[in-house]
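Q: Starting from these lines, generate the structure:
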Amino acid sequence: LTYFVSKTSKMVAIIDNINSTVNDSFVGRFFEMKERNTNFTTELRGATATFLTMSYILAVNPRILADSGGPCVPGEGGIFAPEYEMCLQNITKQYVTATALCSMVGCLTMGLLANLPIALSTGMGLNAYFTYSVVGFRGTGPVAYDAAITAVLIEGIIFLVLAVTGVRFFLVKLIPEPVKLATPAAIGAFLAHLGLQTAEGVGMVVSDIATAVTLGGCPEEKRVSIVAYTEACETLGICVKSDAYTCDDLGGIMTSGTMWLGILGFMIMVVLMAYKRNSSMIIGIAFVTFISWFRDTAVTYFPDNDSGNARFEYFQQIVTVEPMDMITAQYTGDLKKAGLSLFTFLYVDFLDTSGTLYALVSSMGYIDEDGNFPRSRQAFAADAISTIFGSIFGCSPVTSYIESAAGVEAGSKTGLTAVICAFYFFISIFFAPILANIPPWATGGSLVIVGSLMCRSLVKIKWYDPSHAVTAFITIMIMPLTYSIGYGLIAGMGCYFFLEGTFFLLSLVGIEKPVHLPPKEENVKEVKELDVKEGDVESDNDKEVEVA
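A: Below is the predicted model of the structure:
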């Protein structure tokens with residue numbers, strides 16, 4: 001025991017020495033580490049938590065973007081011919097490198113320009129819109145792949161101009177107070193919703209034909225995929241099979257081993273957090289991931305089927321670098337049908353990034369009374385620069401990731417966290433086979449925990465004021481249910497402006513907007529009015545005593 005204590009003391013002394021050295025160095029001064037009361041190991045811990053929480057993007061984004069067909073051209077056999085499938089496999093691998101590279105540049109830009117612990121990558125939701133609504137499944141949509149990529153480039157340029165001139169931040173400040181206060185909690189609910197599903201979570205919540213979502217947790221062999229029954233599916237048999245599935249048909253609800261393993265990891269994180277262990281999320285994710293990498297178990301991430309064998313074959317490569325020749329600089333001057341997609345990219349990316357930045361910066365306490373935060377222009381510019389860079393390698397718009405909240409909760413306060421995340425993404429370019437195989441049920445619990453912690457902003461909402469409360473509630477509900485931060489902000493702002501506009505019009509005809517006070521102040525006001533009405537207060541002096 002004495003030997004162990006001695007070794008531990010020496011290790012603590014070494015860590016303290018490293019922290020002190022870094023804080024006194026150029027790096028510490030550049031990132032203002034002393035001013036923000038942080039140190040190197042705290043930033044490293046936060047960066048690791050952030051990266052592990054969002055590393056699923058290395059596996060998910062390439063598959064989604066590859067579904068667009070990319071530059072692949074169908075031959076005589078059409079979009080289901082073997083040669084076309086081979087082309088899709090190649091661009092999927094290339095998109096792994098592209099996703100890691102774009103994320104690296106985005107994180108590095110945010111860390112160096114804005115000094116904020118916020119990681120960036122290709123936006124979930126925006127990538128799905130790019131693939132399934134703009135380009136279409138395997139190129140069957142209204143806009144050509146190269147035109148959509150060019151639209152992403154133009155969107156990034158427009159955002160960069162708005163950010164540098166300060167117009168973008170000016171527009172963000174116009175967001176109403178109840179929407180701003182509700183946004184962190186709404187994003188928290190969105191994160192928890194992701195963490196409970198299968199694509200990025202433990203798989204407890206699944207799709208349902210009648211109720212949209214329901215209790216799931218069934219093993220893979222019991223899952224029935226939900227198919228979009230379109231005209232093409234009905235007449236041509238071209239049915240788009242989604243990741244959404246139901247457990248109602250074959251049963252097996254709450255019997256999935258991976259779900260219970262994810263729940264165990266979630267509980268481990270919560271217990272460690274209760275004991276104030278800052279590495280709780282990293283430990284929980286690493287524990288579940290390690291167990292899931294063993295084959296021939298009920299919780300393996302490499303089951304003995306086509307997808308499991310393909311993942312394991314890729315995992316065994318350990319180190320590999322895929323080229324990006326097929327997806328690089330796919331621009332065009334023909335943008336006839338890309339106008340609507342450009343507009344959608346603009347407003348969705350604007351609202352998503354704005355909501356994420358405000359939620360994270362607010363949770364760190366960096367926003368002042370006027371709604372400003374340090375280096376706001378640089379933060380928005382970093383997002384725009386990353387989107388421009390990402391378009392070069394065929395990526396959908398790059399945006400700030402709300403999973404950065406995991407690092408913030410672990411103690412991150414400076415851009416050094418983002419720079420370390422950039423280093424992790426750089427490593428993942430070479431070690432993508434390992435990092436892309438962190439199972440979603442390993443990170444799902446951390447998303448639920450971060451979501452719950454972000455609900456602290458709810459205490460600032462004026463629940464006693466109906467217009468304030470309803471606006472905030474609409475924002476909170478729409479965001480997770482529509483799977484979009486942007487739609488939640490639009491709904492909240494629409495509700496607020498409608499109510500305020502109605503109050504203004506009524507005031508023109510002599511009906512003033514009612515004033516709602518906090519419960520305590522309202523009770524004092526009622527007592528004072530009652531006393532005056534009953535004649536209990538006989539003089540000004542008595543009135544002053546009564547009010548006191």
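
Q: and the helix ranked longest in the chain, what does it pack onto?
A: Longest helix in the chain, counting residues (DSSP state H): helix 82-109. In this structure, helix 82-109 makes packing contacts with helix 57-66, strand 120-122, helix 376-392, strand 398-400, helix 416-435, judged by 3 or more CB pairs under 8 Å, 6 or more residues apart in numbering; DSSP states H and E. Where you see a C-beta, it was placed from the backbone N, CA and C, and this is true even at glycine.

Q: Now do the following helix or strand past the last one against helix 57-66, angle only.
A: Put plainly, it is helix 416-435. Sequence-wise, the next helix or strand downstream of helix 416-435 (DSSP states H and E) is helix 440-453. Interaxial angle, helix 440-453 versus helix 57-66 (axes from the mean of the first three to the mean of the last three CA atoms, to 10 degrees): 100 degrees.

Q: So, low pLDDT: which residues of the stretch 351-500 of the chain?
A: Applying pLDDT under 70 to the stretch 351-500 of the chain flags residues 370-371, 435-436.

Q: Would you confirm that Pro323 contacts Gln94?
A: Yes. Shown here, Pro323 and Gln94 form a contact pair, counting by CB atoms under 8 Å, at 6.4 Å.

Q: Between the helices and strands packed on helix 82-109, which one is closest to Met204.
A: Met204 lies closest, by CB to CB, to one member of those: helix 57-66, at 18.6 Å.

Q: what inclination does the closest one have with respect to helix 416-435?
A: Between helix 57-66 and helix 416-435, the angle comes out at 70 degrees (the same axes, to 10 degrees).

Q: helices and strands around helix 57-66, which ones?
A: helix 82-109, strand 120-122, helix 126-128, helix 416-435.

Q: need the contact list for the spatially most central residue of the chain.
A: Note on the chain: the residue nearest the mean C-alpha position is Ile402, at 3.6 Å, using CA atoms, centre = their mean. Listed by CB atoms under 8 Å, 6 or more residues apart in numbering, the contact partners of Ile402 are 187, 190-191, 356, 359-360, 485.

Q: Okay, it and Leu120: tell me how far apart.
A: Using CB to CB, to the nearest Å, we find Ile402 at a distance of 11 Å from Leu120.

Q: Tell me the helices and strands packed up against the helix or strand that contains Ala147.
A: Per DSSP H and E, Ala147 falls inside helix 145-165. With contacts taken as 3+ CB pairs under 8 Å, 6+ apart, helix 145-165 sits against helix 167-172, helix 339-363, helix 376-392.

Q: Same list (those) but as CSV, adding mean neighbour count.
A: CSV is the format used below for the helices and strands packed on helix 145-165 (neighbours: other CB atoms under 10 Å):
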stretch, mean neighbour count
helix 167-172, 16
helix 339-363, 22
helix 376-392, 25
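
Q: Quick one: closest of those to Ala406.
A: For the helices and strands packed on helix 145-165, proximity to Ala406 was assessed by CB to CB; helix 339-363 is nearest, at 10.7 Å.

Q: name the helices or strands packed onto the closest one?
A: helix 126-128, helix 145-165, helix 167-172, helix 177-196, helix 376-392, strand 398-400, helix 405-409, helix 485-508.

Q: closest to Asp306 out of those?
A: helix 126-128 (23.4 Å).

Q: what helices or strands is that closest one leaning on?
A: Judged by 3+ CB pairs under 8 Å, 6+ apart, the packing partners of helix 126-128 are helix 57-66, helix 339-363.

Q: distance of the residue nearest to the centre of the chain from Ala442?
A: 18 Å.

Q: go on, Gly106?
A: Counting by CB to CB - Gly106 and Ala442 are separated by 23 Å.

Q: What's the local residue count around Thr320?
A: A count of nearby residues for Thr320, using other CB atoms under 10 Å, gives 14.

Q: and what of Phe159?
A: When neighbours are defined as other CB under 10 Å, Phe159 has 24 of them.

Q: residues contacting the residue lying closest to it once chain neighbours are set aside?
A: Distances taken as CB to CB, 6 or more residues apart in numbering place Ala384 nearest to Phe159, at 3.8 Å, with adjacent residues excluded. Going by CB under 8 Å, 6+ apart, Ala384 touches 156-157, 159-160, 162-163.

Q: average pLDDT across stretch 317-333?
A: Averaged over stretch 317-333, pLDDT sits at 83.

Q: Please identify the buried residues of it?
A: For stretch 317-333, the buried set under the neighbour-count rule, 16 or more other CB atoms under 10 Å, comprises 322, 324, 326-327, 330.

Q: Likewise for stretch 305-316?
A: Here stretch 305-316 shows 311-312, 314 as buried, counting by 16+ other CB under 10 Å.

Q: Can I get those in CSV including distance to Arg377, pLDDT and secondary structure?
A: Output for those, formatted as CSV (distance: CB to CB, whole Å; pLDDT from 0 to 100; DSSP: H, G, I helix; E, B strand; the rest coil):
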residue, distance to Arg377, pLDDT, secondary structure
Arg311, 42, 82, helix
Phe312, 46, 88, helix
Tyr314, 41, 81, helix
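
Q: Gly28: which of the residues you listed is nearest?
A: Distances from Gly28 to the buried residues of stretch 305-316, taken by CB to CB, are shortest for Tyr314, at 39.5 Å.

Q: So that closest one sits against Pro433, correct?
A: Yes. At 5.0 Å, Tyr314 and Pro433 qualify as touching, with contact defined as CB under 8 Å.

Q: CA atoms only for the helix holding Ala147 - export them in CSV, please.
A: Provided in CSV are the C-alpha atoms of helix 145-165 (Å, rounded to 0.1, in the frame of the first residue of the first chain):
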residue,chain,number,x,y,z
TYR,A,145,-24.3,15.4,-57.3
ASP,A,146,-21.8,18.0,-58.7
ALA,A,147,-24.4,20.7,-58.5
ALA,A,148,-25.2,19.9,-54.9
ILE,A,149,-21.5,20.0,-54.0
THR,A,150,-21.2,23.4,-55.7
ALA,A,151,-24.2,24.7,-53.7
VAL,A,152,-22.4,23.7,-50.5
LEU,A,153,-19.3,25.7,-51.6
ILE,A,154,-21.5,28.8,-52.3
GLU,A,155,-23.2,28.4,-49.0
GLY,A,156,-19.9,28.4,-47.2
ILE,A,157,-18.7,31.5,-49.0
ILE,A,158,-22.0,33.4,-48.2
PHE,A,159,-21.7,32.4,-44.5
LEU,A,160,-18.0,33.5,-44.4
VAL,A,161,-19.0,37.0,-45.7
LEU,A,162,-21.8,37.2,-43.2
ALA,A,163,-19.5,36.1,-40.4
VAL,A,164,-16.7,38.5,-41.2
THR,A,165,-19.0,41.5,-41.5
